[in-house]
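S.K.: sequence and predicted structure, then a few things I'm wondering about:
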Amino acid sequence: MVLKNVQQDPAYGKLLREVLDSVYGNLDPSFGGMHREEAFIFISSPNSVTPYHLDEEHNFLCQLRGTKEVSMWDPRDQTVLPEAQKEYMLQIWHDPAYHRNMKFQESFQERATVFPLVPGEALHFPVGAPHWVKNGPAVSISFSITWRSKLSERQAIVYFVNGKLRRIGLNPVAPGHSAFRDSLKHGLFHSVRVLGRVFGGSWLKKSQAKWA
């Protein structure tokens, strides 16, 4: 069971604000533009499993009751997450067939870092870090706080443009390897979004709806 956007309740909204103000105070200024701050409560059955997937936002998972074990991978590990797959999973919008769960191979597990969580502990999930979760033998209750930043959205834009470039036969450089190329792709995206000359009106409407 997932209770979404519980920050709308005053008590949970106050908790989210306290946690995020503490987090923001320790972040590098390059993150900037924090927005879409949301909170969720996860109530999970004993021994249940959350499949292998990744999330496109910053996330802290706080364990309140019961235990769980999180297997997490370095988002830069192309053995478990090739660039082409990241370009699809971390886009600013997805096609109707999109599903966040990814295909898992048992050989991946040896490359994971496993984090056991007990009540009172919290875990940070970097943007785009693949992970899967197994609950312990009792009911688990977790509190999740998520947000977006200029940094995460800039990364999503570069992955979106890279996906388009790969479709025409190019082999684009991943975000973070070249500030100049990232800047060009970011500028290209916004130019297309404004002018609507490359991908057409339907693409423009989808991107505008996502960014509204």
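M.R.: Arrived safely, thanks for sending.
S.K.: which residues of this protein score low on pLDDT?
M.R.: Applying pLDDT under 70 to the predicted model, the residue ranges of the chain that meet it are 91-98, 194-212.
S.K.: all helices of it, in order?
M.R.: Ranges of helices within the chain are 10-24, 83-89, 150-167, 179-195, 200-211, based on DSSP state H.
S.K.: out of those helices, nearest to residue 131?
M.R.: Set against residue 131 and scored by Cβ to Cβ, those come closest in helix 83-89, at 12.6 Å. Using the backbone N, CA and C atoms, a C-beta is placed for each residue, glycine as well.
S.K.: can you name the residues in contact with that closest one?
M.R.: Contact partners of helix 83-89, identified using Cβ atoms under 8 Å, 6 or more residues apart in numbering, comprise 54, 56, 75, 94, 98, 100, 102, 128, 159-160, 162-163, 166, 174.
S.K.: rebuild the helices of the chain as a markdown table, extending it with mean neighbour count and distance to residue 50.
M.R.: Putting the helices of the chain into a markdown table (neighbours: other Cβ atoms under 10 Å; distance: least, Cβ to Cβ, whole Å) gives the following:
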| stretch | mean neighbour count | distance to residue 50 |
| --- | --- | --- |
| helix 10-24 | 14 | 21 |
| helix 83-89 | 19 | 16 |
| helix 150-167 | 20 | 21 |
| helix 179-195 | 14 | 31 |
| helix 200-211 | 12 | 25 |
